[in-house]
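Enquirer: Quick one: sequence and predicted model below, then my questions.
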Amino acid sequence: RKEVEQDPGPFNVPEGATVAFNCTYSNSASQSFFWYRQDCRKEPKLLMSVYSSGNEDGRFTAQLNRASQYISLLIRDSKLSDSATYLCVVRSNDYKLSFGAGTTVTVRA
Amino acid sequence: EPEVTQTPSHQVTQMGQEVILRCVPISNHLYFYWYRQILGQKVEFLVSFYNNEISEKSEIFDDQFSVERPDGSNFTLKIRSTKLEDSAMYFCASGVPGTGSKSSYEQYFGPGTRLTVT
């Protein structure tokens, strides 16, 4: 079983729409959770850490469900600039990060 | 805002040659990492480095690979004898793990070095 699994998408949404997707992780001992975004052939950029209580950063809301071992990301009022691949990332032990393969989001005008 | 830098941005080498990829982590960070991403695939962990020694490495990080922090600012990844399958984007990352802080495990990535082995 993969450490981190994501729906690859693509999610094609119009500007202003809400889009949500999630990922699952296999290691119940995982300790830290993140969403990164990656633009084509660029480095992963930290979007937000995900906390147990759920957290929001502007138009982005992340939720963590430890019992079911999934993490979600919701983007409200989508902008063209939100088009990217969103990487679900988990830290299980020590400090290495395990990445999902990414969910592609395309926002159209 | 401080950022991780990497050089070169693109390296082309012949199979069997040695390459050194260079990184300058964020100055107050204590942990350094190398990851790679083969085109079309996910980002994969290679190695973490702390206090001048490797703290963790993956199965990918075999004897052909080595890391070094030769001075107070640079962090390098050396591949001794490159293979075709080493062609990938190599990302350096740094972070400041600690305790008692929600953000203490975040890692920040450099722009990457695209390695092409021919």
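Expert: Okay, I see it.

Enquirer: Can you give me the neighbour number for residue 47?
Expert: Since you didn't name a chain, this refers to chain A. Applying other Cβ atoms under 10 Å in any protein chain shown, we find 20 other residues in the vicinity of A:L47. In short, each C-beta sits where N, CA and C put it, glycine included.

Enquirer: try chain B instead
Expert: 20.

Enquirer: Identify the bridge partners of it.
Expert: Beta-bridge pairing for B:V47 (DSSP bridges): B:W34, B:K57.

Enquirer: quick one: it and B:V67 touch, right?
Expert: Yes: B:V47 lies in contact with B:V67 (Cβ atoms under 8 Å); the separation is 5.7 Å.

Enquirer: and chain A, which residues reach chain B?
Expert: Contacts of chain A with chain B, taken as Cβ under 8 Å from any Cβ of the partner chain, map to A:31-32, A:34, A:41-46, A:49, A:51, A:87, A:91, A:94-102.

Enquirer: So which of the residues you listed belong to strands?
Expert: A:32, A:34, A:45-46, A:49, A:87, A:91, A:97-99 (DSSP state E).

Enquirer: For chain B, what lies in contact range of chain A?
Expert: So chain B meets chain A at B:31, B:33, B:35, B:41-45, B:48, B:50, B:55-56, B:58, B:89, B:91, B:95, B:97, B:102-103, B:105-112, B:114 (Cβ under 8 Å from any Cβ).

Enquirer: Just the buried ones from those residues?
Expert: B:31, B:33, B:35, B:42-45, B:48, B:50, B:55-56, B:58, B:89, B:91, B:95, B:97, B:105-112, B:114 (16 or more other Cβ atoms under 10 Å in any protein chain shown).
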